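In: Got a predicted structure plus its sequence, pasted below:
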Amino acid sequence: MSQLALGSQIGEHFVKGDKIIGFLHRQPFSQEVFVEISTHEGVLQATPGHLIFVKKQGNEQFMFAKDINIGDQLCKISGENTIWADVLDARSVVNQGVYAPLSESGCLIVNGFVVSCYAEFASHDVAHTAFALLRLKNKFFPATEPCEGIHPYAKFFMKTVGIK
């Protein structure tokens, strides 16, 4: 994630042609708690409040990383195929650097796994709608430098809905 830059292409299949248009949160030197989710297809690390695309009891949905359990499945893009990878373990770890890139589609592929651009909002769809104006602004007036910390637009919405 630390290698991502504004304008980076981020997917060939699930989000074909999508690109990074901004950062909702970017703190390269911050020490944070992450949830490390292990599957037979690889490992994903995300902050506890980050939305991850999962299949839980047969239902496909975005859910907080902290709520993913052994037996749930993560959506993995493998070549031209989409597979469901069984969660084998989910544990807390401390790591450096927090990044929440914003893409046009609202989704990212991280280590092959499908994740939302959004965190702390319980609904990916609500968050994606809430950030429509920021995506539109960035389409016509692209950011030239990523903002550090939490983006002011994200802070506004978090405060409005009572998050943090």
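Out: Noted; the coordinates are in hand. Numbering: from 1, shown residues only.
In: Next, please give the residue ranges for the helices of the chain.
Out: 124-130, 132-140, 152-160 (DSSP state H).
In: which parts of the last one are buried?
Out: Going back to what we said before, that points to helix 152-160. Buried residues in helix 152-160, counting neighbours by 16 or more other CB atoms under 10 Å, are found at Tyr153, Ala154, Phe157, Met158. All C-beta spots, glycine's among them, are computed from the backbone N, C-alpha and C.
In: distance between it and the chain's centre?
Out: Here helix 152-160 shows a centroid-to-chain-centroid distance of 17 Å under the convention CA atoms, centre = their mean, to the nearest Å.
In: Please save the CA atoms from it in PDB.
Out: As requested, C-alpha coordinates have been extracted for helix 152-160 and formatted as PDB (Å, rounded to 0.1, in the frame of the first residue of the first chain):
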ATOM      1  CA  PRO A 152     -11.000  16.500   5.600                       C
ATOM      2  CA  TYR A 153     -14.000  15.200   3.600                       C
ATOM      3  CA  ALA A 154     -13.800  11.900   5.500                       C
ATOM      4  CA  LYS A 155     -13.500  13.700   8.800                       C
ATOM      5  CA  PHE A 156     -16.600  15.700   8.000                       C
ATOM      6  CA  PHE A 157     -18.700  12.500   7.300                       C
ATOM      7  CA  MET A 158     -17.300  10.600  10.200                       C
ATOM      8  CA  LYS A 159     -18.200  13.500  12.500                       C
ATOM      9  CA  THR A 160     -21.600  13.900  10.900                       C
END
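In: which secondary structure elements does it contact?
Out: strand 20-39 (3 or more CB pairs under 8 Å, 6 or more residues apart in numbering; DSSP states H and E).
In: Out of the buried residues of helix 152-160, which is nearest to Asn69?
Out: Met158 (26.1 Å; CB to CB).
In: any weak-confidence spans in the protein?
Out: 1-17, 164 (pLDDT under 70).
In: try it again with 80
Out: Applying pLDDT under 80 to the chain picks out residues 1-18, 143-147, 161-164.
In: Could you dump the buried residues of helix 152-160 into a markdown table with distance to Ala127 added?
Out: Shown next, in a markdown table, are the buried residues of helix 152-160 (distance: CB to CB, whole Å):
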| residue | distance to Ala127 |
| --- | --- |
| Tyr153 | 12 |
| Ala154 | 9 |
| Phe157 | 8 |
| Met158 | 10 |
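In: for this protein, longest strand please?
Out: strand 81-103 (DSSP state E).
In: Can you list the strands that it pairs with?
Out: strand 20-39 (antiparallel), strand 73-78 (antiparallel) (DSSP bridges).
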